[in-house]
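> Build the 3D model from these lines:
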Amino acid sequence: MKDRYMFKIALATAIIGIVGMMIFAGQITPKHPNINEIDPGMLDEEITIEGVVDNIKESPKSQTYFLEVTDNTGKINVVIFKRNAKDIENNNLTIFQLNKRRIKLLGTVTEYNGRMELILKDAKSIEIIA
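Residues are numbered from 1 along each chain as shown. The predicted structure follows:
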């Protein structure tokens with residue numbers, strides 16, 4: 001009898017916890033650091049940054065784009081892989097139209113050759129601000 005009672009309490013607690021997570025999951029937002037605050041402790045985290053695209057390079061072999069984004073604190077490279085670039089271009093926007101524009105984007109922090117960089121999450125994760 002005591003085991004059934006404990007099981008019911010545990011089940012009710014689990015259900016309440018799951019429902020609570022579902023309700024509040026939409027309110028959780030990624031960090032929004034300045035570029036100079038991005039460090040190895042943030043590896044594999046999704047973050048949002050805002051800055052101006054200063055330079056765009058393309059790797060013709062892999063059709064990967066590298067955007068150099070700066071804010072008033074520093075600069076970082078943003079990697080846009082082929083599949084995301086095609087999705088962006090399907091929305092009547094070329095990657096090179098982002099040059100010298102202020103953007104906001106969501107990406108995952110990675111490190112390449114000792115430098116921090118962001119990998120764009122998807123085509124919907126980039127927004128032109130100005």
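> Could you measure from the spatially most central residue of the chain over to Gly51?
For the chain, the residue whose C-alpha lies nearest the mean C-alpha position (C-alpha atoms, centre = their mean) is Gly107; its distance is 2.1 Å. As judged by C-beta to C-beta, to the nearest Å, Gly107 and Gly51 stand 12 Å apart. For glycine as for every other residue, the C-beta is placed from the backbone atoms N, C-alpha and C.
> And Leu106, by the same measure?
Separation of Leu106 from Gly51 (C-beta to C-beta): 13 Å.
> for this structure, what's the longest helix?
For the chain, the helix that runs over the most residues, judged by DSSP state H, is helix 2-24.
> Which SSE is immediately downstream of it?
Per DSSP states H and E, the first helix or strand lying C-terminal to helix 2-24 is strand 46-59.
> With just CA atoms, put that next one into CSV.
Below are the C-alpha coordinates for strand 46-59, written out as CSV (Å, rounded to 0.1, in the frame of the first residue of the first chain):
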residue,chain,number,x,y,z
GLU,A,46,23.7,28.8,-28.9
ILE,A,47,24.0,32.6,-28.6
THR,A,48,22.7,35.6,-30.4
ILE,A,49,25.0,38.4,-31.6
GLU,A,50,24.4,41.7,-33.3
GLY,A,51,26.9,43.5,-35.4
VAL,A,52,28.0,44.8,-38.8
VAL,A,53,29.2,42.5,-41.6
ASP,A,54,32.7,43.9,-42.5
ASN,A,55,33.8,41.2,-44.9
ILE,A,56,32.5,38.1,-46.7
LYS,A,57,34.6,35.3,-48.1
GLU,A,58,33.4,32.3,-50.0
SER,A,59,35.0,28.9,-50.3
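> pLDDT on that strand, on average?
Mean pLDDT, computed over strand 46-59, is 95.
> now for the following helix or strand past it, which elements pack on it?
The first helix or strand that comes after strand 46-59 along the chain, using DSSP H and E, is strand 64-70. For strand 64-70, the helices and strands in contact under the criterion 3 or more C-beta pairs under 8 Å, 6 or more residues apart in numbering; DSSP states H and E are strand 46-59, strand 75-80, helix 82-90.
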